[in-house]
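Student: starting from these lines, generate the structure:
(one chain, ligands or ions: 1)
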Amino acid sequence: MYNVREKIGIYPGSFDPVTLGHLDIIERSSKMFDKLIVAVLHNKNKKALFSAEERVKMIQSVTSHLCNVEVSSFEGLSVEFARAKGAHVLVRGLRAVTDFEYELQMAQTNRAMCPEIDTIFLTTDLRYAYLSSSIVKEVAYFDGNIEMFVPAAILPLVKEKLMEDNRK
Ligand code: PNS
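Tutor: Prediction:
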């Protein structure tokens, strides 16, 4: 007998907006599972540049070449969402030692709450080791070039959104 249960991984995050670093983690981790669910946190208490729906759409558009990748938004705890989706692994990217303490704390908390779900860390590709959504927004806000930070399809959306925000 072999186990026919699908291996499902969850990659939770804010993705505000999705960067080339995120996309690299999605592409690499999608090869490890039958299905990878990119889970966009909809946090009512934190102001995001893009709505959860916009972030989901953006990730869908840049992952359309990956047939086992699904994108959803969620509220609440990552482990609860993973449980509801039948996933047993949470994926996170580690850029530098500065990420480690927070990531370890989060992974340990998640494990205490839900021991059947493990967290795995993928080391970020060196090309994107410095990259974050906040850095992208900061550079874009001051009209810098973000071409090397985000997928090409996302570029006009970030510019448009910042212009929209400036008009408010
Ligand atoms: O992209 P981010 O902002 O680094 O992602 C952080 C995220 C969304 C993975 C994390 O904040 C999260 O899982 N939030 C949902 C609430 C939760 O489950 N917290 C973990 C227990 S401390």
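Student: three-state assignment of S73?
Tutor: Going by DSSP: H, G, I helix; E, B strand; the rest coil, the secondary structure assigned to S73 is strand.
Student: let me see the contact set for it.
Tutor: Applying Cβ atoms under 8 Å, 6 or more residues apart in numbering to S73 gives the contacts 39-42, 52-53, 55-56. Every residue, glycine included, has its C-beta placed from N, CA and C.
Student: and the nearest residue in space to C114 that is not next to it in sequence, how far from V62?
Tutor: The shortest distance from C114 to any non-neighbouring residue, by Cβ to Cβ, 6 or more residues apart in numbering, is to V79 (4.0 Å). Distance, V79 to V62, using Cβ to Cβ, to the nearest Å: 26 Å.
Student: what number of residues lie near the residue nearest to C114?
Tutor: 22 (other Cβ atoms under 10 Å).
Student: check G144 too.
Tutor: A count of neighbours around G144, defined by other Cβ under 10 Å, yields 12.
Student: could you check which helix or strand contains K159?
Tutor: helix 155-167 (DSSP states H and E).
Student: I'd like the mean pLDDT over that helix, please.
Tutor: Mean pLDDT, helix 155-167: 88.
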